[in-house]
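Asker: Show me how the following folds:
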Amino acid sequence: MEPSLFLSRSQVQAIQREFGTPVYVYDEATLERQARQALGFPCPFGLTARFAMKALPNVAILRLLHDLGLHIDASSGYEAERAQRAGIPPEHIELTAQELPHNLARLVEAGVQFNACSLAQLAAFGERFPGASLGVRVNPGLGSGHNNRTNVGGPSSSFGIWHEYIPRVLETARALNIHITRVHTHIGSGGDPEVWTTCAKLSLDAAARFPEVATLNLGGGFKVARMPGEKAANLQEIGEAVSKILRQHAEAHGRQLKLEIEPGTFIVANAGALIATVMDVVDTGSGGYRFIKADAGMTDVLRPAIYGAQHPITLVPASAGARPAADYLIAGHCCESGDVLTPEPGNPEGLLPRSLPEARIGDALVIGGAGAYCSAMCCKNYNSFPEAAEVLLRKNGELRLIRKRQTLDQMLANEMLL
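Answerer: Model prediction:
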């Protein structure tokens, strides 16, 4: 069994030796394949596919995806500025933020597109940019995340303007002389075409109430299959179902709406792996557990600790020869009881051992599905562990360092003694 979809055992060992661990590795061929699937999303009246950069904001990855034709979805003013520093044209960046950006004026004046996510944001934009155009994010009243922590639609979500407040949105737009030309929605993680169809209908119903809307943005949340047995979203099936609804809407309202989607996980999740090293092997007696202690953890992969999320984990022995299998819990390197990489599915409080070859100090561990919301979303510098290095595996087999390992000096750079 290979340690990931794109790394061989010999490559894992070579990376472990050359770059040290923990280290993220991203596969250019997988990134390109997934990006082309997103760009091929069926749509009858035009499509813009945006990469949700919060999933993996490394500048090398942003430039690679930009060169393939993806635009950018930014979730904060800082992300929008970061994308520009990576060389992304401002007009290719769309900003949809929970917090009104401190640099909003500078971003909009540069050409970044803005979606207001609350009535207060709408008013702030209108007061600063009378006569300008923008989008609004609407909560259509439904979401499809697999739990409340990943569900970004419906009454339990603060994202967007509640659909019942659309009259207030229209009133504010009239009063401040601003033009709403885009409706943005996001329903969460899912892969069921029927759910996407239902939410597309709700979103189109909202769009129909804005006379100047020309674009509908359905966000992202396309399910990926990180673990064996999981079923990934089929973008062709979802796109065909949504296209049917768009055509019906065009016939009913006389408007052919352009579509935008914002995949993040779908593009990068399985294009990334985290390589760690076994630092210790301990147990808690005959009635307890065996533990592998790794030199990575919630400082690098936080999803298991907060979601009970599952990642494929493979042990790559440092020495040749067959080894018997054993059940292990994998503990991270933080002095934190919750730093466990093998929780029960969907239950960060539970534990679920994995069957792996007998572990020895120095072996490599490969945590798959680590391209999305791992490097980007972690307990940075907890216990003063440095940020891990990042490497890109090019299509020609070359390994390129795209982020150096952080130093202690860099970690302390902004601190000052009294």
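Asker: so what are the domain limits for the chain?
Answerer: For the chain, whose domains are defined here by automatic domain parsing, the residue ranges read 9-24+269-411, 29-266.
Asker: how far out from the middle of the chain is the first one?
Answerer: This means domain 9-24+269-411. In this view, domain 9-24+269-411 has its centroid 19 Å away from the chain centroid, taken as Cα atoms, centre = their mean, to the nearest Å.
Asker: Quick one: end-to-end length of it, please.
Answerer: 33 Å (Cα to Cα, to the nearest Å).
Asker: try stretch 182-192
Answerer: OK, stretch 182-192 end separation, Cα to Cα: 25 Å.
Asker: Flag every buried residue along it.
Answerer: By neighbour count on 16 or more other Cβ atoms under 10 Å, the buried set for stretch 182-192 is Arg182, Val183, His184, Thr185, His186, Ile187, Gly188, Ser189, Gly190, Gly191. C-beta here means a position set from N, CA and C on the backbone, and glycine is covered the same way.
Asker: chain center to whichever strand or helix holds the first one, what's the gap?
Answerer: In this structure, Arg182 sits in strand 179-184 according to DSSP states H and E. The chain centre lies 24 Å from the centre of strand 179-184; the measure is Cα atoms, centre = their mean.
Asker: Equivalent analysis for stretch 267-275, please.
Answerer: Taking mean C-alpha positions (Cα atoms, centre = their mean), stretch 267-275 and its chain are 11 Å apart.
Asker: Also stretch 91-104?
Answerer: 17 Å.
Asker: helix/strand/coil for Tyr78?
Answerer: helix (DSSP: H, G, I helix; E, B strand; the rest coil).
Asker: Any stretches of the stretch 101-250 of the chain with poor pLDDT?
Answerer: 142-154, 188-189 (pLDDT under 70).
Asker: Closest one of the buried residues of stretch 182-192 to Thr21?
Answerer: Relative to Thr21, the closest of the buried residues of stretch 182-192 is Ser189; by Cβ to Cβ it sits at 29.3 Å.
Asker: in the longest strand along the chain, what counts as buried?
Answerer: What stands out as the longest strand in the chain, according to DSSP state E, is strand 272-283. Residues Gly272, Ala273, Leu274, Ile275, Ala276, Thr277, Val278, Met279, Val281 are the ones in strand 272-283 that count as buried (16+ other Cβ under 10 Å).
Asker: thought the second one was touching Ser8?
Answerer: Spelled out, it's Ala273. No - look at Ala273 against Ser8 with Cβ atoms under 8 Å: they stay out of range, at 11.7 Å.
Asker: tell me what the longest strand of the chain is packed against?
Answerer: With contacts defined as 3 or more Cβ pairs under 8 Å, 6 or more residues apart in numbering; DSSP states H and E, strand 272-283 has these neighbours: helix 9-19, strand 23-27, strand 290-294, strand 364-367.
Asker: Just the residues contacting stretch 41-52, thanks.
Answerer: Residues from elsewhere that reach stretch 41-52 (Cβ atoms under 8 Å, 6 or more residues apart in numbering): 35, 38-39, 62, 65, 69-73, 75, 94, 215, 220, 235-236, 238-240, 242-243, 246-247, 250, 256-265, 267.
Asker: Restricted to helices, list those.
Answerer: Among the contacts of stretch 41-52, DSSP state H puts 35, 38-39, 62, 65, 235-236, 238-240, 242-243, 246-247, 250, 265, 267 in helices.
Asker: Mark which of these are buried, thanks.
Answerer: Ala35, Ala38, Leu62, Leu65, Leu235, Ile238, Gly239, Val242, Ser243, Leu246, Thr265, Ile267.
Asker: which of these lies closest to Val301?
Answerer: Closest approach to Val301 among these (Cβ to Cβ): Thr265, at 13.9 Å.
Asker: just checking, the closest one touches Val224?
Answerer: Yes - here Thr265 reaches Val224: they are 5.4 Å apart, a contact under Cβ under 8 Å.
Asker: shared neighbours of the two, anything?
Answerer: Between them, Thr265 and Val224 share the contacting residues Ala372, judged by Cβ under 8 Å, 6+ apart.
Asker: Look up how far Arg247 lies from Ile275.
Answerer: 47 Å (Cβ to Cβ, to the nearest Å).
Asker: center of this structure - which residue?
Answerer: In the chain, the centroid-proximal residue (Cα atoms, centre = their mean) is Ala55; its distance is 2.9 Å.
Asker: Pretty sure it sits against Ala370.
Answerer: No - the pair Ala55 and Ala370 does not pass the contact test of Cβ under 8 Å, sitting 11.2 Å apart.
Asker: and for those two, which residues touch both?
Answerer: Ala269.
Asker: circling back to that earlier point, with mean neighbour count added, can I get the helices and strands packed on strand 272-283 in JSON lines?
Answerer: As requested, the helices and strands packed on strand 272-283 are arranged in JSON lines below (neighbours: other Cβ atoms under 10 Å):
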{"stretch": "helix 9-19", "mean neighbour count": "16"}
{"stretch": "strand 23-27", "mean neighbour count": "25"}
{"stretch": "strand 290-294", "mean neighbour count": "22"}
{"stretch": "strand 364-367", "mean neighbour count": "25"}
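Asker: Against the centre of the protein, work out the most remote residue.
Answerer: Ser286 (40.3 Å).
Asker: who are the neighbours in contact with Asn177?
Answerer: Gly126, Pro130, Gly131.
Asker: Skip the chain neighbours and tell me the closest residue to the last one.
Answerer: Think Gly131. Nearest residue to Gly131, sequence neighbours excluded (Cβ to Cβ, 6 or more residues apart in numbering): Asn177, at 5.5 Å.
Asker: gap between that neighbour and Glu94?
Answerer: Asn177 is 22 Å from Glu94, by Cβ to Cβ.
Asker: Same question for Gly20.
Answerer: 37 Å.
Asker: Make sure Ser75 is actually in contact with Ala97.
Answerer: Yes - contact criterion Cβ under 8 Å: Ser75 and Ala97 qualify, at 5.8 Å.
Asker: what are the ranges of the helices in the stretch 301-418 of the chain?
Answerer: Assigned by DSSP state H, counting those that start in this stretch, the helices in the stretch 301-418 of the chain fall at 303-307, 408-411.
Asker: what sits up against stretch 5-22?
Answerer: Counting by Cβ under 8 Å, 6+ apart, 2-3, 23, 25, 27, 29-30, 270-271, 273-277, 294-296, 300, 316, 318, 364, 366, 368, 388-389, 391, 393, 399, 401, 405 sit against stretch 5-22.
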